[in-house]
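In: my questions are about this predicted structure, shown below with the sequence.
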Amino acid sequence: MKPGSSTDQGKPAPLAQTLFPGRSMLTVGEIATACGVDNQHITSLVESGDLVAIDLRTSRPARTGKSKHKSIRQLLRIPASAFDALISARASV
């Protein structure tokens, strides 16, 4: 049996396992590329609650002085299972 092609029960393997073998966490960019959308679309799915993600920042940086950068960058990782859940939900619509 080819890795990632099917499970032992004959069901198709989860898409994340096929696209990203051996990976349990995915980046916004990886998912965006796999889905053919831009990073902002994936970030919007996370912000709306349609896609589960984990923010790996340890703390928010202090805002001091007159910084040009007003936003605080997120360090998001999406569990492969959340990616599969999103694809399954969207495929059945």
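Out: Perfect, thanks for sending it.
In: point out where the chain drops to low pLDDT.
Out: 1-12, 58-73, 93 (pLDDT under 70).
In: ok, which stretches of it are helices?
Out: 15-19, 28-35, 39-48, 80-91 (DSSP state H).
In: can you redo those as a markdown table with mean neighbour count?
Out: (Each C-beta comes from the backbone N, C-alpha and C, glycine too.) Formatted as a markdown table, the helices of the chain follow (neighbours: other Cβ atoms under 10 Å):
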| stretch | mean neighbour count |
| --- | --- |
| helix 15-19 | 19 |
| helix 28-35 | 18 |
| helix 39-48 | 16 |
| helix 80-91 | 16 |
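In: as CSV, these with distance to L56 would be great.
Out: Output for these, formatted as CSV (distance: least, Cβ to Cβ, whole Å):
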stretch, distance to L56
helix 15-19, 18
helix 28-35, 12
helix 39-48, 13
helix 80-91, 15
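In: count the residues that sit near the closest residue to V46 other than its chain neighbours.
Out: Excluding its sequence neighbours, the residue lying closest to V46 (Cβ to Cβ, 6 or more residues apart in numbering) is A53, at 4.4 Å. Residues lying near A53 (other Cβ atoms under 10 Å) number 24.
In: can I assume A53 is in contact with S81?
Out: No. With contacts defined as Cβ atoms under 8 Å, A53 does not count as touching S81, sitting 11.9 Å away.
In: ok so, going back, and of the helices of the chain, who's closest to Q74?
Out: Across the helices of the chain, the minimum distance to Q74, taken as Cβ to Cβ, is reached by helix 39-48, at 7.6 Å.
In: sweet, I'm off.
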